[in-house]
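S.K.: the following comprises the amino acid sequence and a computationally predicted model.
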Amino acid sequence: MKTCGRYKLGALAAILLLSCFALGQSAPPPVIDETVPPASDSYPLGPDSQPHPSVEAGKTFSFQLTDSEIFPGTMRSITVYVPAGYRGDKPACVYVGLDGLGFNAASVFDNLIAQHAMPITIGIGVSAGSVASANTPENPRFDRSFEFDSLSNRLARFVIEEVIPQVEKHKTPDGQPILLSSNPDDRAIGGGSTGAIAAFTVAWERPDAFRRVFSAIGTYVGMRGGEQYYVLVRKTEPKPLRIFMQDGMHDEWPGGPEMGDWWMSNLTMYRALEFAGYDVRHVWGAGTHNGNQASSVFPDAMRWLWRDWPAPIRAAEPGNPVLKSILQPGEDWQASAEGCVVPTLAADPQGQVFYSASGGPGGGPGGGQRPEPLPAATEPMHCGGPLDEVPGFAFAADGRLFQARVEGGIKVTASGLQDSTLGQGLNIRNLTVRHNGDVYAVTSTENSHNELWLIRASAEKIRLDQDLKGASGVALSPDGLWLFVTQSQSRAGLSYRVHPDGTLDAREDFYDFYVPGWADDSGAGQIAMDRDGRAYVATRVGVQVFDRNGRVAAILPLPGNKPADSVCFGGHDFDTIYVASGGQVYRRKLHIAGAPPWAVPAKLPPWGAG
């Protein structure tokens with residue numbers, strides 16, 4: 001009888017193993033081949049990386065940038081490559097190289113532009129900054145890791161607001177003006193090691209400015225939070241980016257192995273991008289931490305990144321199942337209003353969304369300005385001038401308006417009825433109205449301490465909690481069984497159990513916010529709930545969506561990666577989310593409907609511990 005022996009795990013081994021099972025025989029455990037190819041940095045340059053007599057070479061010049069306001073005190077070199085085909089009569093595409101124009105970029109661009117494999121592209125090499133000590137030349141401060149490894153928008157702002165304008169002030173070596181395209185589809189950025197993660201961060205933070213990324217031996221490790229990208233990419237709605245990655249399985253920076261595993265971090269980053277739905281390609285090798293392989297593949301990487309140009313790069317459909325369940329395919333953010341100061345948005349029972357107006361009816365001592373409705377028109381409206389103070393407000397199921405007063409308490413307004421007042425003496429920051437007319441409100445005291453109150457429809461006031469850390473938003477779960485309070489000055493949001501009489505217990509720091517590396521706390525604000533029990537919270541990184549176990553399951557960034565100030569559901573079917581950000585209001589139709597806080601409690605779908 002045929003027997004199945006030991007073998008190395010591979011395609012043939014799998015076939016043999018299946019044969020053994022088919023014959024009804026027991027198979028011994030496989031011997032796993034863990035052989036790793038020996039390290040090799042032998043990656044010769046191809047013809048596209050070398051100059052050719054038949055190809056006219058571009059010209060290069062350099063200058064010093066020493067007057068940055070974003071990175072004050074730094075000095076650095078800027079190198080500019082201008083292709084031979086540039087005539088100065090129309091804007092050129094842009095490639096920004098971090099740590100300078102490496103990878104034999106000038107020769108590669110000469111050849112590929114001549115082959116029409118990439119457009120006319122001006123290259124800008126940006127070196128990392130350094131700051132001289134007071135005892136020059138001793139012990140300068142090197143800002144490379146701070147500028148390039150940090151997960152923030154500062155480097156993107158520096159490139160967009162300072163470097164590119166400075167380049168455009170110069171002329172080419174032939175005396176032509178330098179015109180650079182502002183179209184994000186005409187811009188690429190790349191780098192190696194710390195320059196690679198920096199290139200990704202610039203595009204991640206500003207996909208409205210850069211959409212093509214070349215990443216070689218990237219430091220997606222624990223330098224300054226790079227290891228967070230694996231999860232952040234999976235949770236965040238895909239952005240319109242195209243990424244080419246390179247690394248070697250022996251990659252490990254000798255100067256910092258304690259920071260993480262370079263090789264595995266690149267694999268993990270690639271898997272995250274692939275899962276999320278990005279247009280991503282990789283080339284893996286057997287190299288160590290250097291640019292040899294990256295230089296050899298750079299021409300092919302540029303071909304791939306610039307393929308089908310000038311066709312725009314589109315955001316992919318998300319791989320994240322939560323994003324798939326809440327987003328409406330083909331729907332994106334639309335501007336609804338501009339020029340507004342909007343700490344609070346709220347919808348009435350008909351789904352009409354209101355914002356804190358700077359004028360109009362309801363003004364005067366004691367009430368502030370009455371909220372005004374946002375238009376349903378496609379063109380955004382202008383809100384008008386700002387208010388010195390804009391109190392929060394909410395609606396009840398019967399349409400009554402509950403509006404916090406600047407001097408304290410809540411003014412309750414109903415059509416055809418005399419105004420009344422609740423919560424006198426309380427300095428209310430935000431509030432929500434229950435289906436029975438009771439109010440949960442977060443307040444500030446004279447000592448800037450925050451408290452949580454229950455204000456009954458009968459006017460009874462019950463203090464439920466105190467010493468909250470910047471309490472800013474409050475919302476009930478759709479079944480009315482749990483209360484969620486955001487704390488802008490903490491990394492955690494609070495959960496409370498709601499009893500039938502409205503009192504609370506079982507407080508827990510339950511909601512775990514994603515906090516960007518440049519912030520110390522969540523900066524969280526208003527909360528909206530959907531009918532499946534998910535919470536949507538306005539934060540510094542857009543809208544963070546929490547599952548019922550208090551975990552961030554999805555992130556909806558706003559145009560330009562702007563922070564979100566407030567959020568609510570509205571529209572006829574309450575399936576449109578409205579988000580205020582820095583004076584603008586955006587709206588977006590979703591696949592899921594919101595749960596108004598004043599709605600009759602409804603049973604939620606079954607859920608588990610997760």
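M.R.: Arrived safely, thanks for sending. Residues are numbered from 1 along each chain as shown.

S.K.: hey, where'd the helices end up in this structure?
M.R.: 11-22, 105-114, 144-149, 154-157, 164-169, 194-205, 229-235, 262-276, 292-306, 321-326 (DSSP state H).

S.K.: and those helices, which one averages the lowest pLDDT?
M.R.: Of all the helices of the chain, mean pLDDT reaches its minimum on helix 11-22 (a mean of 38).

S.K.: what pairs with the residue lying closest to A396 once chain neighbours are set aside across the strands?
M.R.: In space, and not counting its chain neighbours, A396 is closest to V433: 4.6 Å by C-beta to C-beta, 6 or more residues apart in numbering. For glycine as for every other residue, the C-beta is placed from the backbone atoms N, C-alpha and C. Applying DSSP bridges to V433 gives these bridge partners: V439.

S.K.: show me what contacts V433?
M.R.: 394-397, 400, 402, 439, 597-598 (C-beta atoms under 8 Å, 6 or more residues apart in numbering).

S.K.: same question for A216.
M.R.: 103, 190-193, 196, 245-247, 291, 293-294.

S.K.: need the residues you listed in CSV (columns: neighbour count and distance to P373).
M.R.: Formatted as CSV, the contacts of A216 follow (neighbours: other C-beta atoms under 10 Å; distance: C-beta to C-beta, whole Å):
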residue, neighbour count, distance to P373
F103, 26, 55
G190, 32, 47
G191, 30, 48
G192, 26, 53
S193, 25, 53
A196, 30, 48
M245, 25, 48
Q246, 28, 53
D247, 28, 53
G291, 22, 58
Q293, 24, 59
A294, 29, 55
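
S.K.: what's the spacing between the closest residue to G58 other than its chain neighbours and P371?
M.R.: Of all residues not flanking G58 in the chain, P83 sits nearest, at 4.3 Å (C-beta to C-beta, 6+ apart). Note on P83: its distance to P371, by C-beta to C-beta, to the nearest Å, is 55 Å.

S.K.: hey, which of the helices of the chain is tucked in deepest?
M.R.: The highest mean neighbour count among those, using mean count of other C-beta atoms under 10 Å, belongs to helix 194-205: a mean of 27.

S.K.: list of residues touching that one?
M.R.: Outside helix 194-205, the residues touching it (C-beta under 8 Å, 6+ apart) are 96-99, 102, 144-145, 147-153, 155-156, 159, 189-191, 209-220, 223, 226, 229, 239, 241, 243, 561.

S.K.: can I get it as PDB, trimmed to CA atoms?
M.R.: Coordinates of each C-alpha in helix 194-205 appear next as PDB, following Å, rounded to 0.1, in the frame of the first residue of the first chain:
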ATOM      1  CA  THR A 194      12.100  57.700   7.000                       C
ATOM      2  CA  GLY A 195      11.600  59.600   3.700                       C
ATOM      3  CA  ALA A 196       9.200  56.900   2.600                       C
ATOM      4  CA  ILE A 197       6.800  57.100   5.500                       C
ATOM      5  CA  ALA A 198       7.000  60.800   5.200                       C
ATOM      6  CA  ALA A 199       6.000  60.600   1.500                       C
ATOM      7  CA  PHE A 200       3.000  58.400   2.500                       C
ATOM      8  CA  THR A 201       2.100  60.800   5.400                       C
ATOM      9  CA  VAL A 202       2.000  63.800   3.100                       C
ATOM     10  CA  ALA A 203      -0.300  62.100   0.700                       C
ATOM     11  CA  TRP A 204      -2.400  60.500   3.500                       C
ATOM     12  CA  GLU A 205      -2.900  63.900   5.100                       C
END
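
S.K.: low-confidence stretches in this structure?
M.R.: Applying pLDDT under 70 to the chain flags the ranges 1-30, 32-34, 341-343, 357-369, 376-390, 446-448.

S.K.: which residues does G190 contact?
M.R.: Here G190 is in contact with 95-98, 103, 196, 199, 213-216, 301 (criterion: C-beta under 8 Å, 6+ apart).

S.K.: surely D186 and I120 touch.
M.R.: No. Contact criterion C-beta atoms under 8 Å: D186 and I120 do not qualify, at 9.9 Å.

S.K.: overlap in contacts of the two?
M.R.: Shared contacts of D186 and I120, counting by C-beta under 8 Å, 6+ apart, come down to C93.

S.K.: neighbour-wise, which of these two wins?
M.R.: D186 (23 against 19; other C-beta atoms under 10 Å).

S.K.: give me the beta-bridge partners of the residue nearest to that one when sequence neighbours are not counted?
M.R.: In this structure, D186 finds its nearest non-sequential neighbour in C93, 4.3 Å apart by C-beta to C-beta, 6+ apart. When assigned by DSSP bridges, C93 has beta-bridge partners T121.

S.K.: distance of C93 from Q403?
M.R.: Applying C-beta to C-beta to C93 and Q403 gives a distance of 52 Å.

S.K.: which one's more surrounded, these two?
M.R.: Q403 (26 against 23).

S.K.: correct me if wrong: the more buried one contacts D419.
M.R.: No. Applying C-beta under 8 Å as the test, Q403 and D419 come out as separate, 9.6 Å apart.

S.K.: which residues does Y229 contact?
M.R.: Counted by C-beta under 8 Å, 6+ apart, Y229 has contacts 151, 197, 200, 204, 220, 269, 272.

S.K.: who touches L180 in this structure?
M.R.: The contact partners of L180, by C-beta under 8 Å, 6+ apart, come to 91-92, 94, 122, 164, 167-168.

S.K.: at 10 Å what do you get?
M.R.: Contacts here follow C-beta atoms under 10 Å, 6 or more residues apart in numbering; on that basis L180 touches 91-94, 121-122, 124, 164-165, 167-168, 186-187.

S.K.: now it. Nearest residue, chain neighbours left out?
M.R.: Per C-beta to C-beta, 6+ apart, closest to L180 is V94, 5.2 Å.

S.K.: what separation is there between the one you found and F61?
M.R.: 16 Å.

S.K.: which of these two has more neighbours?
M.R.: Using other C-beta under 10 Å, the more surrounded residue of V94 and F61 is V94, with 24 against 13.

S.K.: pretty sure that one contacts V126?
M.R.: No. Taking contacts as C-beta atoms under 10 Å, V94 lies outside contact range of V126: 11.7 Å.

S.K.: which residues are in contact with each of the two?
M.R.: Residues touching both V94 and V126 (C-beta under 10 Å, 6+ apart) are 159, 167, 189.

S.K.: of those, closest to V485?
M.R.: V159 (39.0 Å; C-beta to C-beta).

S.K.: just give me the neighbour total for that closest one.
M.R.: By other C-beta under 10 Å, neighbour count at V159 equals 24.

S.K.: list the contacts of it.
M.R.: V159 is in contact with 70, 94, 96, 98, 124, 126, 187, 189, 198-199, 202, 206, 209-210, counting by C-beta under 10 Å, 6+ apart.

S.K.: want to throw those into a markdown table with distance to A524?
M.R.: Compiled in a markdown table, those are given as follows (distance: C-beta to C-beta, whole Å):
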| residue | distance to A524 |
| --- | --- |
| I70 | 26 |
| V94 | 36 |
| V96 | 34 |
| L98 | 32 |
| I124 | 37 |
| V126 | 34 |
| R187 | 33 |
| I189 | 31 |
| A198 | 28 |
| A199 | 30 |
| V202 | 26 |
| R206 | 23 |
| A209 | 27 |
| F210 | 29 |
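
S.K.: so which of those wins on neighbours?
M.R.: In terms of neighbour count, A198 stands highest of those at 32 neighbours, by other C-beta under 10 Å.

S.K.: from V231, how far off is it?
M.R.: Taking C-beta to C-beta, one finds A198 at 20 Å from V231.

S.K.: equivalent analysis for A535, please.
M.R.: Separation of A535 from V231 (C-beta to C-beta): 19 Å.

S.K.: same thing with K59?
M.R.: With the distance defined as C-beta to C-beta, K59 ends up 44 Å from V231.

S.K.: on that earlier part again, show me the contacts of helix 194-205 that map onto strands.
M.R.: Among the contacts of helix 194-205, DSSP state E puts 96-98, 189-191, 212-216, 243 in strands.

S.K.: biggest separation within those residues, which pair?
M.R.: G97 and I243, at 15.7 Å, using C-beta to C-beta across the ones in strands among the contacts of helix 194-205.
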